[in-house]
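Asks: Predicted model and sequence below, questions to follow.
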Amino acid sequence: MENFQIKTFAEYKKAYRKSIKNPEAFWEEIANNFTWHKKWDKTLEWDFEKPEVKWFQGGKLNITENCLDRHLETIGNKTAIIWEPNDPDEESRYISYRQLFVKVSRFANVLKNNGIKKGDKVCIYMPMIPELAIAMLACARIGAVHSIVFAGFSSSAIARRINDSECKMLITANEVYRGSKKVNLKEICDKALEDTPSVETVIVYRRTVEPTTMKEGRDKFWFDELQKAEKECPAEVMDAEDMLFILYTSGSTGKPKGMVHTTGGYMVGTTYTFTNVFQPQKNDVYWCTADIGWITGHSYIIYGPLAAGATTVMFEGIPSYPDYGRFWEICEKLKVTHFYTAPTAIRSLAKQPLKFVEHHDLSSLKVLGTVGEPINEEAWHWYNDNIGKGNCPVVDTWWQTETGAIMISPLAGITPTRPTFATLPLPGVQPVLMDESGKEIEELNAEGRLAIKFPWPSIARTIYGDHERYREVYFSTFSNKYFTGDGSYRDASGNYRITGRVDDIVIVSGHNLGTATVENAIDEHESVAESAVVGYPHDVKGNALYAYVILHHDAEPSEELIAEIRELVGSTIGPIAKPDKVQFVNGLPKTRSGKIMRRILRKIASNDTSNLGDITTLLNPEVVDEIIKEAKIEN
Ligand code: 6R9
């Protein structure tokens with residue numbers, strides 16, 4: 001990958017200029033570094049109005065040949081994955097590129113033996129164990145489409161996702177360790193499977209020795225199936241625009257959006273950005289703490305690092321177990337050189353006594369990264385000073401499930417950093433700021449809505465089964481531009497700072513949650529008539545959820561009811577979506593067209609009621625005072 005690794009600021013500027021002047025030629029040169037069965041006929045075809053984006057059309061490849069086969073000769077014995085278990089007393093696992101190749105090929109045959117073919121959808125609901133990586137790569141090997149669901153989601157969230165893309169198979173584990181807890185994943189799956197007619201087979205990996213209930217004819221153990229499988233599995237030859245995976249992300253209506261990523265462009269985009277943002281060297285140990293159930297794990301634990309031939313760490317546990325020094329203990333133990341995490345994790349660790357950091361030798365670290373939400377100044381400095389000791393560039397990487405790969409970020413050690421700024425766009429990325437009237441803001445020192453005016457290879461191609469929604473959400477706000485949903489400020493040097501979402505998505509501890517999804521869950525409670533959920537600033541989670549709830553006339557407000565509502569959200573979506581605060585109200589401020597004025601509710605939740613704006617146009621201005629009086633705010 002050295003061929004496209006930028007080495008100086010001047011080289012960055014040159015690459016950037018070239019990528020704007022002639023994007024096709026720029027990306028062709030990069031794509032030429034990969035293994036293709038056949039090169040593409042047409043580099044790019046696009047139309048943001050339709051919308052349609054196609055990269056490397058006619059190109060034939062398999063991404064696993066790029067992540068595995070092509071490394072065998074040169075770095076076959078190099079460690080591809082280091083797995084660090086939840087329990088520090090359990091052995092770490094080191095898996096070389098050759099071993100990973102063998103495991104993936106063999107498991108790919110398990111998929112085939114169970115009737116999975118090219119184009120079939122496979123849901124993966126697994127903990128952070130190497131078998132999760134093996135399962136996803138095995139899907140890619142045979143051209144099956146993986147749809148990974150974060151193993152913290154509830155039964156109904158799994159069922160909804162399985163049904164949306166009609167998955168034929170579910171791959172899971174019996175149990176998962178999470179800190180001092182054990183969670184029975186199979187039980188959660190069984191409940192989901194009551195309502196998922198498309199699933200024919202369930203493969204269960206035994207993470208623990210506990211007995212597991214298995215359904216005759218449907219459920220099979222990973223190891224039993226492996227025994228029956230052949231070792232070799234030639235890679236399915238895929239078209240560059242064939243679907244690689246679906247990954248669900250929250251939308252501002254209740255329904256999650258199945259973002260579709262395709263093979264060629266995604267591979268080129270993730271590998272190029274991994275190589276340039278993190279600047280990995282030959283013997284480095286790179287650790288991204290995300291879960292593979294999110295896009296960060298897909299792109300920067302698995303596909304990008306493996307295609308680039310790096311050593312990537314997978315951690316099963318949580319930052320607080322057995323104590324708050326766990327991340328730093330692992331950095332010391334594995335001699336981690338690159339550490340990539342989320343601001344919410346940094347803020348929660350910064351709250352702990354510094355001794356948890358000081359007990360560990362962090363001298364192996366060279367580069368630090370953050371992703372998922374805006375990083376505040378204090379957290380940035382804590383990270384830079386205490387973890388990086390002022391010696392490690394901090395790359396604040398802005399991107400999205402939809403963009404597939406990092407879009408705006410410093411290149412470690414090469415381009416300048418500025419606290420709280422994602423800084424400059426990567427080559428090939430053309431950000432613009434837009435004003436409310438849809439006009440482009442050309443000035444520096446300006447704030448607006450962040451859009452992108454030219455396609456990049458790893459952009460999601462559609463929302464599974466709902467192309468119209470894809471158009472509407474991303475391409476209808478500004479003509480001929482991709483709208484990110486984020487606000488942004490651009491400084492005098494052209495650095496971008498992401499200011500946060502401008503839509504009804506709230507990022508809680510780095511997880512995107514659609515307020516509508518949470519409202520739908522609350523509304524399922526028999527005592528609830530209506531609800532409105534907003535985010536408010538929280539010093540560890542970034543944002544937390546505040547729910548305003550109207551009860552049916554025959555229901556009595558009580559603490560028990562609050563607990564029930566929180567539980568219901570936990571079981572419908574997952575524990576991360578539980579609102580921190582629930583306030584019972586008699587009415588919600590509404591516009592005359594019946595829209596809930598979330599802006600006002602957000603201000604009340606944030607204890608910022610000095611300037612609520614004009615509320616006289618509301619249908620029911622009187623409820624505002626009432627809500628403020630009873631608001632659950634700390635002083
Ligand atoms: C990769 C990922 C996307 C949303 C995005 C933005 C926020 C991500 C950020 C950031 C400020 C950063 N976001 N990185 N905000 N600075 N460095 O997180 O994807 O889960 O889809 O979230 O996250 O609001 O629009 P995803």
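Replies: Structure's in. What do you need? Numbers count the residues shown, from 1 in each chain.
Asks: What residues does the chain have near the ligand?
Replies: Neighbours of the ligand within the chain, by Cβ under 6 Å from any ligand atom: 249, 294-296, 371-374, 396-401, 422, 484-486, 498, 501, 507, 512. Backbone N, C-alpha and C define where each C-beta goes, glycine included.
Asks: Strands - which of the residues you listed land there?
Replies: Judged by DSSP state E, the subset of the residues of the chain next to the ligand located in strands is 249, 371, 396-397, 484-486, 498, 501, 507, 512.
Asks: quick one: contacts for Asn3?
Replies: Neighbour list for Asn3: Asn33 [criterion: Cβ atoms under 8 Å, 6 or more residues apart in numbering].
Asks: how close does it get to Ala492?
Replies: Asn3 is 34 Å from Ala492, where distance means Cβ to Cβ, to the nearest Å.
Asks: Val260 and Glu236: what is the separation?
Replies: On the measure of Cβ to Cβ, Val260 and Glu236 end up 18 Å apart.
Asks: Likewise for Tyr470?
Replies: 26 Å.
Asks: With neighbour numbers in mind, choose between the two.
Replies: Neighbour count, other Cβ atoms under 10 Å: between Tyr470 and Glu236, Tyr470 has more, with 21 against 18.
Asks: isn't that one right up against Thr462?
Replies: Yes. Counting by Cβ atoms under 8 Å, Tyr470 does reach Thr462; the two are 4.9 Å apart.
Asks: Quick one, grab the pLDDT at Arg592.
Replies: As predicted, Arg592 sits at a pLDDT of 69.
Asks: Correction: the previous question concerned Val204.
Replies: Val204 is given a pLDDT of 98.
Asks: Equivalent analysis for Asn376, please.
Replies: On the pLDDT scale, Asn376 is placed at 86.
Asks: count of residues packed around the residue lying closest to it once chain neighbours are set aside?
Replies: In this structure, Asn376 finds its nearest non-sequential neighbour in Thr420, 6.7 Å apart by Cβ to Cβ, 6 or more residues apart in numbering. When neighbours are defined as other Cβ under 10 Å, Thr420 has 19 of them.
Asks: List the contacts of Ile129.
Replies: 83, 173, 205, 207, 314, 316.
Asks: List the contacts of the fourth one.
Replies: Taking Cβ under 8 Å, 6+ apart, we find Arg207 in contact with 127, 129, 173-177.
Asks: if we can go back for a sec, which phi and psi does the residue nearest to Asn376 have?
Replies: Dihedral angles of Thr420 (phi, psi; degrees, to the nearest 10) stand at phi 70, psi 0.
Asks: need the strands for the stretch 351-500 of the chain, in chain order.
Replies: Here the stretch 351-500 of the chain has its strands, by DSSP state E, counting those that start in this stretch, at 367-371, 394-397, 431-434, 440-441, 446-452, 462-463, 482-490, 496-501.
Asks: Distance check, the residue of the chain most remote from its centre against the ligand.
Replies: For the chain, the residue at maximal distance from the C-alpha centroid (Cα atoms, centre = their mean) is Asp554, at 41.7 Å. Shown here: Asp554 relative to the ligand, a distance of 40 Å by Cβ to the nearest ligand atom, to the nearest Å.
Asks: quick one: low-confidence parts of the stretch 101-250 of the chain?
Replies: Nowhere does the stretch 101-250 of the chain drop to pLDDT under 70.
Asks: Pick out the residue of it closest to the ligand.
Replies: Closest contact between the stretch 101-250 of the chain and the ligand, by Cβ to the nearest ligand atom, is at Thr249 (5.1 Å).
Asks: I'd like to know how far the residue lying closest to that residue once chain neighbours are set aside sits from Pro427.
Replies: The spatial neighbour of Thr249 that comes closest, neighbours along the chain excluded (Cβ to Cβ, 6+ apart), is Thr401 at 4.2 Å. With distances taken as Cβ to Cβ, Thr401 is found 21 Å from Pro427.
Asks: neighbour count winner among these two?
Replies: Pro427 (26 against 19).
Asks: and that one, how far is that from the ligand?
Replies: Pro427 is 18 Å from the ligand, by Cβ to the nearest ligand atom.
Asks: my guess is Trp287 contacts Lys335, does it?
Replies: No. Under the criterion of Cβ under 8 Å, Trp287 is not in contact with Lys335, lying 10.4 Å apart.
Asks: more crowded one of those two?
Replies: Between Trp287 and Lys335, Trp287 has the larger neighbour count (other Cβ under 10 Å), namely 25 against 13.
Asks: And the next helix or strand past the host helix or strand of Val277?
Replies: Element membership of Val277 [criterion: DSSP states H and E] is helix 263-278. Under the assignment DSSP H and E, the closest C-terminal helix or strand after helix 263-278 is strand 285-288.
Asks: what pairs with that following strand, and is each one parallel or antiparallel?
Replies: Using DSSP bridges, the strands paired with strand 285-288 are strand 311-315 (parallel), strand 338-341 (parallel).
Asks: The helix or strand that comes right after the last one packs against which elements?
Replies: Just to be clear, that refers to strand 338-341. Remark: after strand 338-341, the chain's next helix or strand is helix 343-350, criterion DSSP H and E. Secondary-structure packing of helix 343-350 (3 or more Cβ pairs under 8 Å, 6 or more residues apart in numbering; DSSP states H and E): helix 377-382, strand 542-551.
Asks: quick one: Ser299 from Tyr16, how far?
Replies: With Cβ to Cβ as the criterion, Ser299 and Tyr16 are 21 Å apart.
Asks: Tell me which of those two has more neighbours.
Replies: Legend: neighbour count by other Cβ under 10 Å for Ser299 and Tyr16, higher for Ser299 (28 against 20).
Asks: For the stretch 151-300 of the chain, which segments count as strands?
Replies: With DSSP E, counting those that start in this stretch, the ranges of strands along the stretch 151-300 of the chain come out as 169-173, 175-178, 181-184, 201-205, 219-221, 238-239, 243-249, 257-262, 285-288.
Asks: Quick check: which of these is buried the most?
Replies: strand 169-173 (a mean of 27; mean count of other Cβ atoms under 10 Å).
Asks: quick revisit: compile the strands of the stretch 351-500 of the chain into TSV and extend it with columns for mean neighbour count.
Replies: Below are these laid out as TSV (neighbours: other Cβ atoms under 10 Å):
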stretch	mean neighbour count
strand 367-371	25
strand 394-397	24
strand 431-434	20
strand 440-441	14
strand 446-452	20
strand 462-463	24
strand 482-490	21
strand 496-501	20
